[in-house]
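1. Generate a structure from the sequence data that follows.
(3 chains)
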Amino acid sequence: MTNIINCWLLKSEPQGYSIDDLKRDKKTFWTGVRNFQARNFMQQMKKGDTCLFYHSGKETSVVGVAKVTAAAQPDPTQFVKGGHYFEPRATKEKPVWFCPEIQFVKKFNDPVNLGVIKADRALEGMVLRAKSRLSVQPVSEKHFNYILKELA
DNA sequence: GCCAACGTTGGC
DNA sequence: GCCAACGTTGGC
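-> Take a look at the predicted model:
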């Protein structure tokens, strides 16, 4: 049996790319992630997987839901010489960084704050509680559903 | 392959 | 703005 994890959490600085930006764009490629752990999780994402969309910075809240519409593919920003996300080690044959495509699903009326997530015993073990820096992380289906149904 | 130095993220 | 956490780089 393959890995059946199919819920994720994506972090974003809202000044950089917010849930409202995603709502406007409807779809986007999740480019610019430059962390190997995060990349490895993104490569496990499949079309149809669901994602919590988290705003870091001032808000520190889960603000909505997105879904994966295409599996990870080479991140084009790694080839842009002089660009912020340029990757000198990457070639077209052997790209280093990958990005799935995601689609807007919903924005919460009530964002779920990190404080609540940390305090709620039902969310014990959530990666977000421990790994403060990881920008793409798996979420158990139980935790995902709980956040949607009980907290948002 | 170790580890010190360095850089970045992100909560507070 | 600070700083803890932690990922990455590069010298050895």
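
2. and the helix or strand harbouring A:Val63, which strands flank it?
-> Secondary structure from DSSP states H and E places A:Val63 in strand A:61-74. Note on strand A:61-74: by DSSP bridges, its sheet partners are strand A:50-55 (antiparallel), strand A:98-113 (antiparallel).

3. For the shortest one, C-alpha coordinates in CSV please.
-> To tie it back to what came earlier, the one meant is strand A:50-55. Coordinates of each C-alpha in strand A:50-55 appear next as CSV, following Å, rounded to 0.1, in the frame of the first residue of the first chain:
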residue,chain,number,x,y,z
THR,A,50,-6.7,18.9,0.2
CYS,A,51,-4.6,21.6,1.8
LEU,A,52,-5.1,23.9,4.7
PHE,A,53,-4.0,27.4,3.7
TYR,A,54,-2.1,29.1,6.6
HIS,A,55,-1.1,32.7,6.9
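
4. Make sure I have this right: A:Gln15 is in a strand.
-> No. Checked against DSSP: H, G, I helix; E, B strand; the rest coil, A:Gln15 lies outside a strand; its state is coil.

5. can you pull the contacts of it?
-> Contacts were defined as CB atoms under 8 Å, 6 or more residues apart in numbering; by that measure A:Gln15 touches A:Gly57. Using the backbone N, CA and C atoms, a C-beta is placed for each residue, glycine as well.

6. What is the neighbour count of A:Lys11?
-> Residues within reach of A:Lys11, counting by other CB atoms under 10 Å, total 20.

7. so it makes contact with A:Ser132?
-> No. Taking CB atoms under 8 Å as the definition, A:Lys11 is not a contact partner of A:Ser132, at 10.0 Å.

8. And DNA strand B, is the lowest-mean-pLDDT helix or strand in chain A touching that?
-> Taking mean pLDDT, DSSP states H and E as the measure, helix A:127-130 is the helix or strand of chain A with the lowest mean score, a mean of 92. No. Judged by CB under 7 Å from any atom of the strand, helix A:127-130 stays clear of DNA strand B, getting no closer than 7.6 Å.

9. Check which residues of that helix are buried.
-> Buried residues in helix A:127-130, counted by 16 or more other CB atoms under 10 Å: A:Val127, A:Leu128.

10. so does that helix get close to DNA strand C?
-> Yes. With CB under 7 Å from any atom of the strand as the criterion, DNA strand C is reached by helix A:127-130 at A:Ala130.

11. which residues touch that helix?
-> Helix A:127-130 is contacted by residues A:Leu9, A:Tyr54, A:Leu114, A:Ile117, A:Lys118, A:Leu123, A:Leu134, A:Gln137, A:Pro138, A:Val139 when judged by CB under 8 Å, 6+ apart.
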